[in-house]
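*Asks:* Sequence first, predicted model second:
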Amino acid sequence: MNKVEYIQWWKEDALRSWETALYNAAGGQFVFALFAFHLTIEKLLKAAWIKDNQQDFPPRLHDLTSLYNQTDLALPNGWYDYIASINEWNIESRYPDFKLKIYQRTTKEYIDMHTDKLYQLKDILLNYLS
């Protein structure tokens with residue numbers, strides 16, 4: 001695959017994760033929805049990484065701020081802090097000692113509060129990639 005095809009692959013995979021997140025949120029599986037939202041943003045940042053670097057395969061890491069810092073992307077004010085907060089959904093949904101904490105705070109209201117922002121962030125990243 002060439003660079004354009006790799007970027008397209010990551011974008012398409014991100015959109016599959018997005019659909020998974022929405023499906024899980026609608027079904028009340030809020031913690032897994034947050035994890036899939038994190039995957040969506042991670043995959044879009046990996047596409048941006050490929051766009052902005054010589055290599056065609058991004059680093060094997062999941063930290064959104066680290067990926068972002070390795071791109072030329074300039075998020076509007078406030079979004080960098082938001083992607084840092086999304087990192088919690090990756091870690092907290094994986095490890096048992098953090099799971100109870102995230103299950104306690106992850107409600108429909110919590111998901112709804114974040115979904116609008118996530119739509120905006122997804123659109124910012126997709127526009128950067130087009």
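*Replies:* Yes, it's here. Residues are numbered from 1 along each chain as shown.

*Asks:* Lowest-scoring secondary structure element of this protein by mean pLDDT?
*Replies:* With mean pLDDT, DSSP states H and E as the measure, the helix or strand of the chain carrying the lowest mean pLDDT is helix 96-105 (a mean of 76).

*Asks:* what about the helix or strand following it, average pLDDT?
*Replies:* The C-terminal neighbour of helix 96-105 among helices and strands, as given by DSSP states H and E, is helix 108-129. What helix 108-129 shows for mean pLDDT is 96.

*Asks:* Can you point out the buried residues in stretch 14-27?
*Replies:* Applying a neighbour-count criterion of 16 or more other CB atoms under 10 Å, the buried positions in stretch 14-27 are Ala14, Ser17, Trp18, Thr20, Ala21, Leu22, Asn24, Ala25. Bear in mind the C-beta positions are built from the backbone N, C-alpha and C, glycine included.

*Asks:* Filter those down to the ones in helices?
*Replies:* Under the assignment DSSP state H, the buried residues of stretch 14-27 contribute Ala14, Ser17, Trp18, Thr20, Ala21, Leu22, Asn24, Ala25 to helices.

*Asks:* Tell me the secondary structure at the residue nearest in space to the middle of the chain.
*Replies:* In the chain, the C-alpha nearest the mean C-alpha coordinate belongs to Ile41, at 1.9 Å (CA atoms, centre = their mean). Under the three-state scheme (DSSP: H, G, I helix; E, B strand; the rest coil), the conformation of Ile41 reads as helix.
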